[in-house]
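S.K.: Please work out how this folds:
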Amino acid sequence: MDHFPGELPTFFANLLPVGALQVLAQAQFAPESAADTLAIVGEDFPGAVIVRPTTDKVVVLPR
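M.R.: Prediction:
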């Protein structure tokens with residue numbers, strides 16, 4: 001994502017939206033960092049990848 005270069009490890013940076021979805025996320029939510037962007041779109045990744053903000057409690061989801 002051009003707005004936050006080098007802020008995240010490559011794996012996570014490659015999950016950030018690009019193109020029209022990037023513009024939409026910027027316009028609607030005005031994230032201040034790449035981590036904010038991941039928190040916004042983190043539940044809608046294809047496959048088994050989910051990115052969520054951390055909490056003080058560890059939750060293991062059932063399979």
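S.K.: Roughly how far does Asp44 sit from Pro17?
M.R.: 9 Å (C-beta to C-beta, to the nearest Å). Backbone N, C-alpha and C define where each C-beta goes, glycine included.
S.K.: Look at these two and report which has more neighbours.
M.R.: Remark: of Asp44 and Pro17, Pro17 carries more neighbours, 18 against 10, as counted by other C-beta atoms under 10 Å.
S.K.: Pull up the gap between that one and Ala39, please.
M.R.: Distance from Pro17 to Ala39, by C-beta to C-beta: 13 Å.
S.K.: what sits against the most centrally placed residue in the chain?
M.R.: Nearest residue to the geometric centre of the chain (C-alpha atoms, centre = their mean): Leu38, 1.2 Å. Applying C-beta atoms under 8 Å, 6 or more residues apart in numbering to Leu38 gives the contacts 8, 12, 15-16, 51.
S.K.: Adding pLDDT, write the residues you listed out as a markdown table.
M.R.: Below are those laid out as a markdown table (pLDDT from 0 to 100):
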| residue | pLDDT |
| --- | --- |
| Leu8 | 83 |
| Phe12 | 84 |
| Leu15 | 83 |
| Leu16 | 86 |
| Val51 | 76 |
